[in-house]
Structure formats: structure tokens, C-alpha cells
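# show me how the following folds:
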Amino acid sequence: IVATSPQFFTAIAGYFSGLFKRKPWIMEVRDLWPESIKAVDAIKHERVINFLEKIELFLYRKADRIVVVTDAFKENISRRGISKAKIDVVKNGVVLRNYPERPKSKALLSKHDLEGKFIVGYLGTHGLAHKLYFILDSAKAVTDEEIHFVFVGSGANKENLLRQKEALQLTNVTMLPAVSKAETKEYISIFDVALVPLRKNETFKTVIPSKIFENAAMGKPILLGIEGECKQIIEEHGAGVCFEPENESDFLKKLTLLKEQPETYHNCKSGALTMARVFNRHEFAIKLLKVILSVAFKTSIDPAMKSEFANLNKRKETK
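Residues are numbered from 1 along each chain as shown. Coordinates of the predicted model:
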């Protein structure tokens, strides 16, 4: 049984499924709940949080294996009494063939009256963690008429953000509804810079938003407002520039840097493409499958399974 969290209750379902079916179960952790709930003040009752944390630790202890998407997640969980030997790190990545580098969509530029604009694009959830209020406030201070912000997506804060845009009378911001996964590459194509912000909070230093890889695969420099492990990845590959979360002057400074310095922009573009190749989802999928098979060996001696595992190892070594 493999159960992915969040949502938090999916992991609970995984535990009970494994219990009733008498099968091993793997808990995949893509977000640290309930820690993330506390970070955005979604639940303020201390007793509720404490109860959820007890469930969280119970699930970690009961899982046959834990798979996390960042090194920081592994450190966090191990500090709380869970053996590191039980935790595997399989990071997010991108299916490169799904996000090839391509020219800007002329149809979208024309449809939304964006020809000739330097587009700072955000595509994803408009949620409590993303602090898009800060971006809209900062957009008010942008005086360069070529710079235009495009937000694509939906979420808990979308309606409030639309009201904020109207209240600030922002003419340099376009807010669009969510699109299907198949359409995302069309919208990413029109971006000059991919915006990836989060709240300034210790919890978010542990996350690596998967959207950085999709944008990077299409050659979009990342304008990152996240500290910690994600920032390290961007800086290691030279895939973009980073600003201090919720610091307007630093945000405007780094945006101007990408807009006004072509050499910096093109270096970041090259670094983004390199980073995407490193974070190839195919390789991580093989790694995850090997984790699943290694857990399955404890209860199965299926020859076909052993043969598949051997082939995976051989393929990796050959490559």
C-alpha cells in the first residue's frame, strides 16, 4: 500500500488499508502536516494541533517505509525520533518531454493584450501559503510599464486577490482562471520569468515547490521568494535569482536585475535548463519503484518482481 500525504487523512487510510489487508504500507510525505497548517494559521486551537501531531507521529512509527520529497523533511522527521534508515528521499522533478522549450504563444499574447510585455508569471494554487497579497502590493510599486504580472490558477485566496487587484487599481496585473495540466505549457511559454513565492516562515524553508522544475524545463528563469533547500537548488544551478520572502525592496531589486541585465537573464535561463535535466522525473520514478519493491520483498518472493528489481538496477548501472 502506498499513501501520499497531503492530504493528511490519505495517510490514515493507507495505514488502515495495510492493517486490514495485512500488507506493508509506505507513507509518502509531500508536505509536513500539521506543521504547514500552523504556518498559515489555518487552525489556531492548540489542542487540535497537538492531537494531529500525535496522529502524525503514530503514522510515521507504523509505516514500513517513509518517502519524503526533500532532505529537510528527512531531517525534520528523524529529529522527532524516527530512524533515518526508515526514510528515503525521492525529490520532485519534471517529465522533460511534457515541457519542451518553445516560443511564446502568439495566440495567448494577443488574447490577453500582452504583446511586448516582460511577463512575470505565476501558475499554480492561490492559497494561504503563497503570500500573493505581497506580490500584488509590490506590483503597485513597479514603474516600468513593460513589466506585467500574470497569475494563472485558483485557490482559497483567489477571490480575495481579485478584490485586492481592483482596490489597488492595478493595470499591470492579469489574473486568469485555472487551466488543465495539458494547457499549462502554453501559459508558461508566455512567461519571461517564473515567479515562485511563499510566506516568510521557518516551515517553508523545508519545501521544494514542483513548479520550479516545470518552468525551468521550458527555460524560464526562476524569481524565487523561498529560503532554505529550494533556494540552495536554484543558486547551485544558477537557475534564477532569489529575494527575501515578503521583502518588497529586495523583490523589486531582483526583478529589475532580471529585466535590465541581459547577461544575468540568459545565464539564469541556461541554468534553469540544466537544473531541469538534473531533476528528470524518470530517474526519480525508478528510484521510488526500487523503494516500493524493496519493501515488497519482505512479504513476497515473486520471481517476476525480483527480475524487475534486477533489471532496474542493471539499467541504472549501465546508464
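# please count neighbours and contacts with C-alpha atoms only from this point.
Will do.
# next up, the contacts around the spatially most central residue of the chain.
Residue closest to the average C-alpha location in the chain (C-alpha atoms, centre = their mean): P209, at 1.5 Å. Neighbour list for P209: 196, 230 [criterion: C-alpha atoms under 8 Å, 6 or more residues apart in numbering].
# now do 10 Å
With contacts defined as C-alpha atoms under 10 Å, 6 or more residues apart in numbering, P209 is in contact with 30, 69, 92-93, 196-198, 226, 230.
# in helices, which of these appear?
Among the contacts of P209, the members falling in helices are C230 (criterion: DSSP state H).
# roughly how far is stretch 193-212 from the heart of the chain?
7 Å (C-alpha atoms, centre = their mean, to the nearest Å).
# what residues sit buried inside it?
Buried residues in stretch 193-212, defined by neighbour count with 16 or more other C-alpha atoms under 10 Å: 193-200, 203-209, 211-212.
# between the two ends of that stretch, how far is it?
Terminal residues of stretch 193-212 are spaced 11 Å apart (C-alpha to C-alpha, to the nearest Å).
# now do stretch 192-206
Using C-alpha to C-alpha, the end-to-end distance of stretch 192-206 comes out at 27 Å.
# for that stretch, the distance to its chain's centre please.
That offset, for stretch 192-206, works out to 9 Å (C-alpha atoms, centre = their mean).
# who's in contact with the closest residue to E145 other than its chain neighbours?
Spatial nearest neighbour of E145, excluding adjacent residues (C-alpha to C-alpha, 6 or more residues apart in numbering): N172 at 7.6 Å. By C-alpha under 10 Å, 6+ apart, the contact set of N172 is 117, 119, 136, 139-140, 142-150, 165.
# now with 8 Å?
139, 145, 147-149.
# sort out for me which of those residues are in helices.
Among the contacts of N172, the ones falling in helices (DSSP H) are A139.
# about what we covered before: as JSON lines, the contacts of P209 with pLDDT and distance to N50 would be great.
Listed next are the contacts of P209 as JSON lines, based on pLDDT from 0 to 100; distance: C-alpha to C-alpha, whole Å:
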{"residue": "R30", "pLDDT": "88", "distance to N50": "20"}
{"residue": "V69", "pLDDT": "92", "distance to N50": "24"}
{"residue": "N92", "pLDDT": "91", "distance to N50": "29"}
{"residue": "G93", "pLDDT": "93", "distance to N50": "33"}
{"residue": "V196", "pLDDT": "97", "distance to N50": "31"}
{"residue": "P197", "pLDDT": "95", "distance to N50": "28"}
{"residue": "L198", "pLDDT": "92", "distance to N50": "25"}
{"residue": "I226", "pLDDT": "94", "distance to N50": "27"}
{"residue": "C230", "pLDDT": "95", "distance to N50": "28"}
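# now the contacts of P209 as a markdown table including distance to L257?
Shown next, in a markdown table, are these (distance: C-alpha to C-alpha, whole Å):
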| residue | distance to L257 |
| --- | --- |
| R30 | 32 |
| V69 | 31 |
| N92 | 28 |
| G93 | 27 |
| V196 | 16 |
| P197 | 17 |
| L198 | 20 |
| I226 | 18 |
| C230 | 20 |
